[in-house]
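Participant: what would the 3D arrangement of this be:
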Amino acid sequence: MTAPSTKKTVNTVSATSRSDFPIIVIGTSAGGQSALSSLVAQLPADFPAAILIVQHMAATSSNEAMLRLLADKGNLPCKQAAQHGVIRSGYIYLAQPDHHLMISQGKTLATKGARENRARPAIDPLFRSAAVEFGNRVIGVILTGYLDDGTSGMEVIRRCGGICVVQDPADAAYPDMPQNVLNHVKVDHCVPLAEMGSLLTRLALSERGARIAVPADVAVEAKIAQRVLSDLESVDFLGTQVPFNCPGCGGVLWQMKVGEHLRFRCHTGHAYTVAALLAEQTAKMEETLWVALRMFEENKNLLVKMGAEGTASPSYAERVEQSDIHIRRIKAMLHSNTANTDPLP
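Facilitator: I've put the predicted structure just below:
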């Protein structure tokens with residue numbers, strides 16, 4: 001799946017080896033379109049790094065409007081990330097709808113792997129793969145958004161020697177994502193959006209020290225995200241099995257904990273932070289309640305029809321009343337869920 005690139009005045013920097021220029025990975029969700037357009041407008045035409053972006057989006061959406069917006073607002077050429085695409089300095093690469101964006105062997109990957117934190121594309125797989133591939137050449141950026149996708153990925157970037165940057169939550173339209181990073185990761189910079197362009201330009205030009213070894217658990221998670229297959233051995237290495245089921249596939253979950261950030265994985269590849277798991281469980285419960293409501297209403301309607309035709313047993317009226325009781329209870333729970341459900345990322 002590809003889309004035509006949206007071109008501006010093209011930076012003529014040729015493709016080079018993956019150690020020659022920094023990689024900036026950006027994650028955002030709600031409010032991201034406005035934030036990204038503001039950020040790219042601050043970057044010069046000779047920007048000395050490649051930029052890879054994950055914006056949470058619906059599976060049925062299109063990147064064309066976003067690519068056009070980023071190209072019109074900024075000075076850099078914008079492309080939809082392709083499978084096995086070459087990464088060039090001075091280019092912006094945007095994740096495809098309903099595909100994770102990752103990096104492998106210095107090239108972009110666009111995969112239909114399991115959702116992470118309820119999202120595809122998700123931020124953590126990109127950040128994790130970039131850290132494994134580029135180590136301390138990576139600059140991670142988290143902008144506005146709901147919940148906490150990107151927190152784990154930023155921690156991985158920090159552990160691999162990269163630089164962590166977050167938008168000041170007070171400056172974000174939706175502060176959850178940057179605030180969750182600040183709560184769990186020792187970031188290098190927390191700045192308003194208006195200051196981020198000049199900061200990223202300085203960081204991209206700064207000297208970096210020697211690379212450090214990639215932690216074993218980080219390398220394993222990066223491999224899991226690139227494969228669409230069951231892998232019990234890998235999740236056994238990463239954590240401990242717990243008595244919870246994966247909302248995505250119904251399988252058993254493994255609990256992982258790095259520092260203070262608790263996460264869960266199933267052996268098919270779905271991954272959740274605590275906040276994402278709770279939000280997905282709530283969504284599944286609501287779905288189940290709607291199914292139960294339909295079944296009780298159908299049961300009641302059938303009983304009423306049987307009674308009207310004189311084919312019901314004498315106890316049908318009592319059964320109609322019982323169905324009514326269940327229907328009222330389910331509607332009350334659905335009303336409560338509507339008022340309290342966490343928003344989708």
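
Participant: need phi/psi at residue 267.
Facilitator: The phi/psi pair for residue 267 (degrees, to the nearest 10) reads phi -80, psi -10.

Participant: burial count for it?
Facilitator: The local packing of residue 267 (other Cβ atoms under 10 Å) involves 21 other residues. Every C-beta, even on glycine, is put in place using the N, C-alpha and C of the backbone.

Participant: before we move on, what about residue 301?
Facilitator: 12.

Participant: quick check: it is in a helix.
Facilitator: Yes: per DSSP: H, G, I helix; E, B strand; the rest coil, residue 301 lies within a helix segment.

Participant: poorly predicted segments of the stretch 151-300 of the chain, please.
Facilitator: For the stretch 151-300 of the chain, the stretches with pLDDT under 70 are 228-230, 259-260.

Participant: tell me where it has helices.
Facilitator: 151-159, 176-184, 193-205, 216-226, 232-238, 274-308 (DSSP state H, counting those that start in this stretch).

Participant: what's the most buried one of the ones you listed?
Facilitator: helix 151-159 (a mean of 27; mean count of other Cβ atoms under 10 Å).

Participant: buried sites along stretch 27-44?
Facilitator: 27-33, 35-36, 38-40, 42-43 (16 or more other Cβ atoms under 10 Å).

Participant: tabulate the residues you listed in TSV, adding columns for pLDDT.
Facilitator: Output for the buried residues of stretch 27-44, formatted as TSV (pLDDT from 0 to 100):
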residue	pLDDT
27	98
28	98
29	97
30	96
31	96
32	97
33	95
35	98
36	98
38	97
39	98
40	97
42	98
43	98
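
Participant: of those residues, closest to residue 275?
Facilitator: The closest of these to residue 275 turns out to be residue 29 (Cβ to Cβ; 12.5 Å).

Participant: just the buried residues of stretch 27-44 now: which is nearest residue 269?
Facilitator: The shortest gap between residue 269 and any of these belongs to residue 27, at 18.8 Å (Cβ to Cβ).

Participant: quick one, what contacts that closest one?
Facilitator: 53-54, 123, 126-127, 140-143, 145, 149-150, 153, 177 (Cβ atoms under 8 Å, 6 or more residues apart in numbering).

Participant: so which strand or helix has it?
Facilitator: Per DSSP states H and E: residue 27 is located in strand 23-28.

Participant: so what strands line up beside that strand?
Facilitator: strand 50-55 (parallel), strand 138-142 (parallel) (DSSP bridges).

Participant: and the angle from the last one to helix 151-159?
Facilitator: Relative orientation of strand 138-142 with respect to helix 151-159: 150 degrees, computed using axes from the mean of the first three to the mean of the last three Cα atoms, to 10 degrees.

Participant: domains of this protein?
Facilitator: 23-205, 276-340 (automatic domain parsing).

Participant: show the contacting residues for the spatially most central residue of the chain.
Facilitator: What sits nearest the mean C-alpha location of the chain, by Cα atoms, centre = their mean, is residue 122, with 2.5 Å. By Cβ under 8 Å, 6+ apart, the contact set of residue 122 is 54, 56, 100, 115-116, 149.

Participant: how much space separates it from residue 303?
Facilitator: As for residue 122, its distance to residue 303 is 46 Å (criterion: Cβ to Cβ, to the nearest Å).

Participant: follow-up on the earlier one: make TSV out of the domains of the chain and add distance to residue 212.
Facilitator: Formatted as TSV, these follow (distance: least, Cβ to Cβ, whole Å):
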stretch	distance to residue 212
domain 23-205	5
domain 276-340	29
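
Participant: and of the ones you listed, who's closest to residue 257?
Facilitator: domain 23-205 (10.9 Å).

Participant: just give me how far the closest one sits from the chain centre.
Facilitator: Its chain's average C-alpha position is 11 Å from that of domain 23-205, according to Cα atoms, centre = their mean, to the nearest Å.
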